[in-house]
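Undergrad: curious how this folds, go ahead:
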Amino acid sequence: MDLAIRHYANLWQEVIDVSATQPFDLLCRGRDRELRVEVKGTTSLGLSVLLTRNEVRHAQANNGRVALFVVSNIVANVSGCNGGTIDIVEPWDIRKDELDPIAFECRLHARRPANAQKGEGG
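TA: Numbers count the residues shown, from 1 in each chain. Below is the predicted model:
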């Protein structure tokens, strides 16, 4: 996030970390313009990143007003993270990328007997 904030602070009048309350990470504002930035970090080559359902929906609904800021090749160790290669897709048109669902939530409560207790069974 620090790299993204520093990058956009040089380009925009205002850069706000909204990651705690919005389905994206940074809101950049300047005059009558606005850019929403999704920030991703990975120790991999960065050929793909994981996105939440809300991040995907937001990028789809705000096409042309969103950027993707990826830091790849991060070296993580006990003292923290360093290094990394920055790749910025701006504007980010998620429709041009390949989305592959890799996880599903399986709600088992609908199949459990009414008298089943937590921790029982296998």
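
Undergrad: contacts, neighbours, all on C-alpha from now
TA: OK.

Undergrad: dig out what N82 forms beta bridges with.
TA: According to DSSP bridges, the partner residues bridging N82 are V75.

Undergrad: if I look at it, how far off is V71?
TA: To V71, N82 is 10 Å away according to CA to CA, to the nearest Å.

Undergrad: with G30 instead?
TA: With distances taken as CA to CA, G30 is found 24 Å from V71.

Undergrad: out of N82 and V71, which sits in the more crowded spot?
TA: V71 (23 against 10; other CA atoms under 10 Å).

Undergrad: tell me the secondary structure of the more buried one, please.
TA: Three-state assignment for V71 (DSSP: H, G, I helix; E, B strand; the rest coil): strand.

Undergrad: ok so, going back, what residues are shared contacts of N82 and V71?
TA: With contacts defined as CA atoms under 8 Å, 6 or more residues apart in numbering, no residue is shared by N82 and V71.

Undergrad: quick check: phi and psi on H7?
TA: phi -60, psi -50 (degrees, to the nearest 10).

Undergrad: count the neighbours of it for me.
TA: Neighbours around H7, by other CA under 10 Å: 13.
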